[in-house]
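Peer 1: Sequence first, predicted model second:
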Amino acid sequence: MKVLISILNWNRTLLTRRCVKSVLKASFEHDYEILVVDNDSRDRSIESIEELGENVKLVRNGSNLGFADGHYIAVNYGLQKGFELLWLLNNDAVVEPLTLSKLVDSYQAKPNAIYGSLIRYSSELNFHGGYITEGKEIDKRVEIELKIVNSVNGASMVIPFKIISVHGWMKSDFFLYEEEVEYCKRLRSKGVKSYLVFNSVVDHEGGGSYWNEKLGYVRDYYKLRNHLFAGIDNGTITRREVVKIWGGHSRFPVFWLKCILYWLGIDSLFSLKFYLKSLSYYHVILNRRGKTLAPEDFLNTENDC
């Protein structure tokens, strides 16, 4: 069995190196290769990543392609090279010795599904799906190995290439956030289950690519925008309802005052938060998808990486 491990990097070489090193130290008996996909970082030191091991390769994109399109570089590579499994791993994650082995064990026990790790933030256990299919919150004390969930966390998820070949890849028009949630839900409607693998654990820093306050607001913009788009796409909310929600926020004078201050370049940092929140609703109403905000435009300086 061959496993391709896809890790995206954007201006965070030290985090990516830490992640790769944790994978190389792990116990795994199958063949694997690590493909680091760099989304046009200013930090040129990522070029040294291949020095960590013979099975570590680097691909540099000419622009920031985001989550789905960035990982799609690895998808094409894996299909060409005959890999069986694709492991998406965030660069701000650190894996335990058996993290990947437990994911592969689950694949062998319950094939033709999607498999996600249990994510640990500051010693607290969590995962992106949040709810099991019955609608109850997952209790971290439950001593089981596998549980069917609505979606898994894209910080650590395994997808068989056979599933990708049959059902396609994640939507690229989200750019950042919610892609794996939409993907799991779309494939679930086609009979592909998602499993949370409780004994596969990763430590996740969370938001490792958004280290300054401006980038944090950009992250929040994409999270809100794509959450609304996902709701529209799956029929749980209408665009008219989004207009009403936006209207409820924007009827307060302070909201518009902050937006105006940002447009005028006054109190720009604090006002940016309000402006981007308003922009997320506006772009949903207009159906503006894809890379509508370039994170690289919100770096503080040339050395902010």
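Peer 2: It's in.

Peer 1: Just checking: what are the partner strands of the strand ranked longest in the chain?
Peer 2: Using DSSP state E, we find that the single longest strand of the chain is strand 194-204. Paired neighbours of strand 194-204 in the sheet (DSSP bridges): strand 93-95 (antiparallel), strand 114-121 (parallel), strand 146-149 (antiparallel).

Peer 1: and stretch 102-109, which residues are buried?
Peer 2: Using 16 or more other C-beta atoms under 10 Å as the test for burial, stretch 102-109 gives 102-107. Using the backbone N, CA and C atoms, a C-beta is placed for each residue, glycine as well.

Peer 1: before we move on, back to that, export the strands paired with strand 194-204 as TSV, with columns for mean neighbour count and distance to Lys185.
Peer 2: Listed next are the strands paired with strand 194-204 as TSV, based on neighbours: other C-beta atoms under 10 Å; distance: least, C-beta to C-beta, whole Å:
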stretch	mean neighbour count	distance to Lys185
strand 93-95	23	23
strand 114-121	23	11
strand 146-149	18	11
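
Peer 1: re the thing from before, which pair in the buried residues of stretch 102-109 has the greatest spatial separation?
Peer 2: Greatest spatial distance in the buried residues of stretch 102-109: Lys102 and Tyr107, 9.9 Å, computed using C-beta to C-beta.

Peer 1: For the protein, which segments are assigned as helices?
Peer 2: 13-24, 66-81, 99-109, 161-167, 179-188, 213-233, 239-250, 253-263, 268-285 (DSSP state H).

Peer 1: For Val75, give its distance to Tyr281.
Peer 2: In this view, Val75 and Tyr281 are 32 Å apart by C-beta to C-beta, to the nearest Å.

Peer 1: just Asp92 next, same as before
Peer 2: 29 Å.

Peer 1: and Arg60, which of the helices of the chain is closest to it?
Peer 2: Of all the helices of the chain, helix 66-81 comes closest under C-beta to C-beta, at 9.9 Å.

Peer 1: who touches that closest one?
Peer 2: Here helix 66-81 makes contact (C-beta atoms under 8 Å, 6 or more residues apart in numbering) with 2, 4, 6, 8, 33, 35, 37, 39, 59, 61, 64-65, 86, 88, 154, 161, 164-165, 169-172, 174-177, 179, 291.

Peer 1: And for Arg176, the neighbour number?
Peer 2: I think there's a mix-up here, since residue 176 is Leu and not Arg. Using other C-beta atoms under 10 Å, Leu176 has 22 other residues around it.

Peer 1: Fine, thanks again, bye for now.
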